[in-house]
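Participant: output the structure for:
(chains A, B, C and D)
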Protein chains: 2
Amino acid sequence: MARNRRDTDTTQKREEIVAAARNSFLADGYEASGMARIAAEAGVAPNTLYWYFEDKDALLIAVLDELVGEALAEYADAQSRPLDAQLLWLLGKFDAAPGLVTTVHARLPLSPAVHAWHERFHQAVEALVSAELALRGVPEHERAPAARIAMFVVEGLLSHHAGDPSERAAIAALLTSRIAPLR
Amino acid sequence: MARNRRDTDTTQKREEIVAAARNSFLADGYEASGMARIAAEAGVAPNTLYWYFEDKDALLIAVLDELVGEALAEYADAQSRPLDAQLLWLLGKFDAAPGLVTTVHARLPLSPAVHAWHERFHQAVEALVSAELALRGVPEHERAPAARIAMFVVEGLLSHHAGDPSERAAIAALLTSRIAPLR
DNA sequence: ACCTGAACACCGTTCAAGT
DNA sequence: ACCTGAACACCGTTCAAGT
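Facilitator: Got it, this is the predicted structure:
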């Protein structure tokens, strides 16, 4: 609340580190992004990163939270559109980060923190999709599997770099017309 | 064809190395499997692996070829069953290797060899699924997107450790009844 | 041709020390 | 509390040398 100079300074430095990590992860991928280079880009010594973050996975989670937060903030605009348009919007939103889906899955067995984040993320998204399906008249017992199928297709398209727009459109159209036929 | 003692010896050693890598990859995952431990399990010095394989990715590809080959050989038995049963059979087949799907995707941008293997694999599988859909009366323009959706769902279930059997069944049933409704 | 011991370059992370 | 230079443990890979 009432934060003094010291607080804002460290908050700012933290954000600079996250920004550097984000740039590096999106540009070169998680694996190819060395802690040393991230630190250099943020203007600190390599080990300083460990003052602000427990390890590299914690940095990843901070970046993911930022990206998801931004997407969620923009989602209000897309929410009124038909389902397949929403799906294509989402794909476009994460086109800049094609490797992150795979990165999260790869870290899953190695990092309990990433595992927990992933669990929460899926639950949140599937709840959201289920609600959307409910609005469109999909019967209750079909909503959960349908939401998972939609999720998997989005992840699949992202981790396979998504194919050309016309292929995406065909998949989105087929999927939504069959999964939520009442529109 | 006509192979002498020397040939069978080196072929055998190669197979021992692949077997060691396979065990290690399946038990601990690709990342956690060090070349040193694989070499030790195969009874050779670490650098000997590089006489038989260009690098760790080449070892991965050898293991993948083995697994896919075995699955394909067994596929004949499953081919006559309905689509959702086939899907569940495939999931069961790769349950022992939940991390490999993610591993391949993670290596995709880092290894041209894995990238090429992945490309060939998807083309082969999607051709196979398309043919299966054609047999069941799915119109031609729907087959490619439907095959991709099915592929993504399988990959998704595998890389998310697949959920309990009842959930799998629900997803398989919903997917196939909507994607290939004529049976 | 086949295999090795020893080294190399690089990585995430830690430690002891400074302010 | 915040930050650093130097080191550590580990990794995939390479090299020079042996048979």
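Participant: who's in contact with the residue positioned nearest the centre of chain A?
Facilitator: Closest to where the C-alpha atoms of chain A average out (CA atoms, centre = their mean) is residue A:68, at 4.9 Å. Taking CB atoms under 8 Å, 6 or more residues apart in numbering or on different chains as the contact definition, residue A:68 lies against residue A:121. Placement of C-beta: from N, CA and C, glycine included.
Participant: mind checking pLDDT for it?
Facilitator: Model confidence at residue A:68, expressed as pLDDT, equals 95.
Participant: which element, helix or strand, includes it?
Facilitator: When secondary structure is defined using DSSP states H and E, the element that contains residue A:68 is helix A:56-78.
Participant: next, see if that helix gets close to DNA strand D.
Facilitator: No. Under the criterion of CB under 7 Å from any atom of the strand, helix A:56-78 makes no contact with DNA strand D; the nearest approach is 13.5 Å.
Participant: between helix A:56-78 and whichever helix or strand comes after that helix, find me the angle.
Facilitator: Tracing the chain past helix A:56-78, the next element assigned as helix or strand by DSSP H and E is helix A:83-93. Our comparison of helix A:83-93 with helix A:56-78, counting by axes from the mean of the first three to the mean of the last three CA atoms, to 10 degrees, yields an angle of 140 degrees.
Participant: phi, psi for residue A:82 please.
Facilitator: Dihedral angles of residue A:82 (phi, psi; degrees, to the nearest 10) stand at phi -60, psi 160.
Participant: measure residue A:176 to chain B for me?
Facilitator: Residue A:176 is 11 Å from chain B, where distance means CB to the nearest CB, to the nearest Å.
Participant: whoops, residue A:79 was the one
Facilitator: Applying CB to the nearest CB to residue A:79 and chain B gives a distance of 24 Å.
Participant: repeat for residue A:37
Facilitator: Distance, residue A:37 to chain B, using CB to the nearest CB: 16 Å.
Participant: can you give me the neighbour number for that residue?
Facilitator: Residues lying near residue A:37 (other CB atoms under 10 Å in any protein chain shown) number 15.
Participant: hmm, it is touching residue A:23, no?
Facilitator: No. Look at residue A:37 against residue A:23 with CB atoms under 8 Å: they stay out of range, at 10.1 Å.
Participant: return the residues of chain A in contact with chain B.
Facilitator: Those residues of chain A that sit near chain B, judged by CB under 8 Å from any CB of the partner chain, are A:29, A:31-32, A:99, A:102-103, A:105-106, A:108-110, A:122, A:142, A:144-146, A:148-149, A:151-153, A:155-157, A:159-160, A:163, A:167, A:170-171, A:173-175, A:178-179.
Participant: mind checking which of the residues you listed land in strands?
Facilitator: Counting by DSSP state E, none of the members of the residues of chain A next to chain B fall within strands.
Participant: just the residues you listed: which are in helices?
Facilitator: Taking DSSP state H, the ones among the residues of chain A next to chain B that sit in helices are A:99, A:102-103, A:105-106, A:122, A:142, A:144-146, A:148-149, A:151-153, A:155-157, A:159, A:167, A:170-171, A:173-175, A:178-179.
Participant: mind checking which of those are buried?
Facilitator: The neighbour-count test (16 or more other CB atoms under 10 Å in any protein chain shown) applied to those identifies A:99, A:102-103, A:105-106, A:142, A:144-146, A:148-149, A:151-153, A:155-157, A:159, A:170-171, A:173-175, A:178-179 as buried.
Participant: what about chain A, any weak spots by pLDDT?
Facilitator: A:1-8, A:182-183 (pLDDT under 70).
Participant: rewinding a little: what distance do you get for the residue nearest to the centre of chain A to residue B:20?
Facilitator: Applying CB to CB, to the nearest Å, one obtains 40 Å for the distance of residue A:68 from residue B:20.
Participant: residues near residue A:64, how many?
Facilitator: With other CB under 10 Å as criterion, residue A:64 counts 20.
Participant: let me fix that: residue A:79
Facilitator: Applying other CB under 10 Å, we find 11 other residues in the vicinity of residue A:79.
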